[in-house]
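Asker: Structural data only, the sequence is not supplied:
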């Protein structure tokens, strides 16, 4: 039966306290919002967050069997150039993989997941990865500015050894205009909050839940968790009361810890629910966009094989205070910031190089010498071991999934960065190979020679003149 | 069987501009300034020069590529000119071309001239100028020169168990010594003495290197005229003889293999070994009277002392603490202030180092003059600790 084989999540390390936002924005009005929101680092976007969530999801899975990748976002990086294709390259998926982007509505995360389930049920695909990520940018002091958080969820769907079977689904569509953005616009527009709450969430979520229950003769009382997307804390609680759910049945929408993560919200909640689930549990998932998707799952005994996931819990625990709203604005290019005249030197992007060396740059695939076993990255046709020097005796060797230790490092205030100092160093990989890499999600003062690091896919630099966001692999300290 | 170049070539004239933020001077001004002094010093006519080597590292921000910039600026009469570039060792590469041109027997008299006009880029540190190709920004870390060398300091401290405080103190003494020397040099970019405390407490540029661990980024030019050693005395009584001029270039072993320790510069060691062999030097610590080394950063000078075998591996701190490399020490280094204070107009730097060795050997180094030096050495490095070119040139009377 079609279901979820594995799950993964990414919640960015930085959290922004809404009280700090309020202090900077009080002149524009008081916003009675509590808690904090997850803020992607300056080098993250919906693509990189998806890669992180997918890497978490694929840990221990056979990547070579994946034959589908569906990506959902309303804040996708490229409007022309498939975002799912970039993610597939970063994950080093086979080229005979079906990829597609799902976008425009915050329900498109569940739409992608249901499309993947349908393709597997139809026998078209065997193993389909679904990534949903949003990093939405809104007008300063807008409701979205306060409430939106950044994050990604990922699921691997298949037929065998599933940890939860997808039992059935029901969808609605309404041309309900809560949020909108025209092609080419950067910041979204939102209609009145009360309208969205009362004529949107409070109406469509009960409608789709009732539809699903009627279609499959379900009773909400039988569900261990009911997940429903909602941007407003009060409305979320009211919906739960309306459903007659016990507090244990209501999955935390993480509005005060992560924020409303758009397409990822209901799916991040599903990851959190699966982290605590046991065999036999029934889980209902409802997303919200222009209408809703609803589906329900039954957890199988394979759930116990899932281990070593960052998922939601570890991601929530790994956090650092961003500390300043202005820094958030600078990260999102909402505030023109001086990074020095050196930073004005835009580096040229050659897309023939990006295409030719795609496996090296995005997949972090290097070589391993078949004669002496020395790995090399960037790939060296002549073995760099001075005692070997074999020519073209290489096999492909992926570094992105290898752990490494910091060989040496610096934190550089001269290198242009929106978040100085720029830290970078050389790392030595477990199993051999050395590479010079940028360091990210790290505290410059906590870096130490010999500390363990893992690889993460991030933005290296934006070349806006040529519509290029250039990605690459960076090292991040591994947390205890 | 190759014979090498020992004692085949003499330097008979040198010139060097004042280094600094020469907002007053364009590239042509700097070239003409260095060349005019050089030609007068050699006491020859311009038309006696048979071939020239022109060193500039970043032509794209000043004079453009090719050799024409030099020919046009100096109105050289249709002689062969070659533009050379080898990162920050460009000046030594120009000298190498001229010296080997004479040593080969092809020419009697050659010119080497290096120039860099860096301060038209509008920001501190070295200009970017895209020197590593289109692919580099896609693959490399977001690095700068201080960061590249800071990583060697981090590793040196770690490898030899120096606390950041002790390590920074060691490096501060390297810079303080150069400031003392630079203050005596009217052509130097930075002419102020600074205390070890000021150096240690200066703002960090790239941890652990602070402002005073970094050399000056300067405009300037330097030139040398070389000729056959057997004809040198026709031009002057105190020519300086080239004993060896070697260059070693990274093999990729440091970048792509895991054996390199990250706390030394392998080509510096290799170039030293080759140069000592050719010059017939058995004990560099005792036989080399003085040196101008590539102190682009304090850590580069410190590790160069070990790579050049002036100090045992891991022990340079003892020699620094003992004042061995001070102007009044047993083996004075950076007598003219070094890159640190004389400044670092890239294409000119290798020739500027030689300018000081030349003047010292002739006894014309004014307030900085050492007592009867016999053997001088220049060490000119380009690139980063992980991939670089290093030239070592040894000169004597």
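Answerer: Ah, there it is. Computed from a prediction, not measured in an experiment: that's the story for all the values here.

Asker: CA only for contacts and neighbour counts going forward, please
Answerer: Fine.

Asker: Remind me what the longest strand anywhere in chain A packs against, helices and strands.
Answerer: The longest strand of chain A (DSSP state E) is strand A:452-463. Helices and strands touching strand A:452-463, by 3 or more CA pairs under 8 Å, 6 or more residues apart in numbering or on different chains; DSSP states H and E, are helix A:46-58, strand A:404-412, strand A:468-477.

Asker: out of those, nearest to chain B?
Answerer: strand A:404-412 (3.9 Å; CA to the nearest CA).

Asker: how about stretch B:293-307: buried residues?
Answerer: B:293-307 (16 or more other CA atoms under 10 Å in any protein chain shown).

Asker: and residue A:454, how many neighbours does it have?
Answerer: Residue A:454: 22 surrounding residues under other CA atoms under 10 Å in any protein chain shown.

Asker: For it, give the beta-bridge partners.
Answerer: Beta-bridge pairing of residue A:454 under DSSP bridges involves residue A:476.

Asker: what's it in contact with, if anything?
Answerer: A:401, A:402, A:403, A:404, A:475, A:476, A:477, A:478 (CA atoms under 8 Å, 6 or more residues apart in numbering or on different chains).

Asker: what's the pLDDT at residue A:480?
Answerer: Listed pLDDT for residue A:480 reads 60.

Asker: Might one say that residue B:156 is in contact with residue B:262?
Answerer: Yes: the pair residue B:156 / residue B:262 is scored as a contact, 7.4 Å apart, by CA atoms under 8 Å.

Asker: Grab the two from the contacts of residue A:454 that are most spread out in space.
Answerer: Within the contacts of residue A:454, two members stand farthest from each other by CA to CA: A:401 and A:477, at 14.0 Å.

Asker: Between these two, tell me which one has more neighbours.
Answerer: residue A:477 (21 against 15).

Asker: Reformat the helices and strands packed on strand A:452-463 as CSV; add distance to residue A:190 and mean pLDDT.
Answerer: Shown next, in CSV, are the helices and strands packed on strand A:452-463 (distance: least, CA to CA, whole Å; pLDDT from 0 to 100):
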stretch, distance to residue A:190, mean pLDDT
helix A:46-58, 21, 98
strand A:404-412, 41, 98
strand A:468-477, 28, 97
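
Asker: Is it possible to get JSON lines of the ones you listed that adds distance to residue A:151?
Answerer: As requested, these are exported to JSON lines (distance: least, CA to CA, whole Å):
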{"stretch": "helix A:46-58", "distance to residue A:151": "7"}
{"stretch": "strand A:404-412", "distance to residue A:151": "26"}
{"stretch": "strand A:468-477", "distance to residue A:151": "18"}
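
Asker: Give me every residue in chain B lying close to chain A.
Answerer: B:122-125, B:127-128, B:130, B:134-135, B:137-144, B:146-148, B:150-152, B:154-155, B:158, B:204-208, B:252-253, B:255-258, B:262 (CA under 8 Å from any CA of the partner chain).

Asker: which ones are touching residue A:120?
Answerer: By CA under 8 Å, 6+ apart, the residues touching residue A:120 are A:2, A:126, A:127, A:128, A:157, A:158, A:159.

Asker: Could you give the bridge partners of the fifth one?
Answerer: I take that to be residue A:157. residue A:4, residue A:128.

Asker: before we move on, the earlier item: filter the residues of chain B next to chain A down to the buried ones, ChimeraX style.
Answerer: Of the residues of chain B next to chain A, the buried ones go into a single ChimeraX selection, burial set by 16+ other CA under 10 Å:
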select /B:125,127,128,135,137,138,139,140,141,142,143,144,146,147,148,150,151,152,154,155,158,204,205,206,207,208,252,253,255,256,257,258,262
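
Asker: Could I get the full set of helices for chain A?
Answerer: A:18-25, A:46-58, A:83-90, A:108-121, A:143-147, A:193-195, A:202-216, A:233-243, A:265-276, A:311-317, A:325-331, A:351-356, A:358-361 (DSSP state H).

Asker: could you give me the average pLDDT of the longest one?
Answerer: The one in question is helix A:202-216. On average, helix A:202-216 scores 98.

Asker: and if you look at the fifth one?
Answerer: Mean per-residue pLDDT for helix A:143-147: 96.

Asker: Please state the offset of it from the chain centre?
Answerer: Centroid separation for helix A:143-147 versus its chain: 19 Å, with CA atoms, centre = their mean, to the nearest Å.

Asker: go on, stretch B:269-277?
Answerer: 16 Å.

Asker: Neighbours of residue A:218, how many?
Answerer: 15.

Asker: roughly how far apart are it and residue A:209?
Answerer: Residue A:218 sits 10 Å away from residue A:209, going by CA to CA, to the nearest Å.

Asker: circling back: which members of the buried residues of stretch B:293-307 are positioned in helices?
Answerer: B:298, B:299, B:300, B:301, B:302, B:303, B:304, B:305, B:306, B:307.

Asker: List just the nearest of those to chain A.
Answerer: The closest of these, once distances to chain A are taken by CA to the nearest CA, is residue B:299, at 13.3 Å.

Asker: Pretty sure that closest one sits against residue B:154.
Answerer: No: checked against CA under 8 Å, the pair residue B:299 and residue B:154 is beyond contact range at 9.6 Å.

Asker: Which one of the contacts of residue A:120 is nearest to residue B:178?
Answerer: Closest to residue B:178, out of all of those and judged by CA to CA, is residue A:128, at 63.9 Å.

Asker: Please name the residues that touch the closest one.
Answerer: A:66, A:67, A:68, A:69, A:70, A:116, A:120, A:156, A:157, A:158.

Asker: any idea how far whichever residue of the stretch 1-150 of chain B sits closest to chain A is from residue A:410?
Answerer: Closest to chain A within the stretch 1-150 of chain B is residue B:141: 4.8 Å, counting by CA to the nearest CA. Separation of residue B:141 from residue A:410 (CA to CA): 11 Å.

Asker: next one: residue B:165
Answerer: From residue B:165 to residue A:410 the distance is 16 Å (CA to CA).

Asker: higher neighbour count, those two?
Answerer: Per other CA under 10 Å, whichever of residue B:165 and residue A:410 has more neighbours is residue A:410, with 32 against 12.

Asker: quick one: that one and residue B:208 touch, right?
Answerer: Yes: here residue A:410 reaches residue B:208: they are 7.2 Å apart, a contact under CA under 8 Å.

Asker: Skipping adjacent residues, who's closest to residue A:321 in space?
Answerer: Residue nearest to residue A:321 in three dimensions, not counting chain neighbours: residue A:15, with 5.1 Å by CA to CA, 6 or more residues apart in numbering or on different chains.
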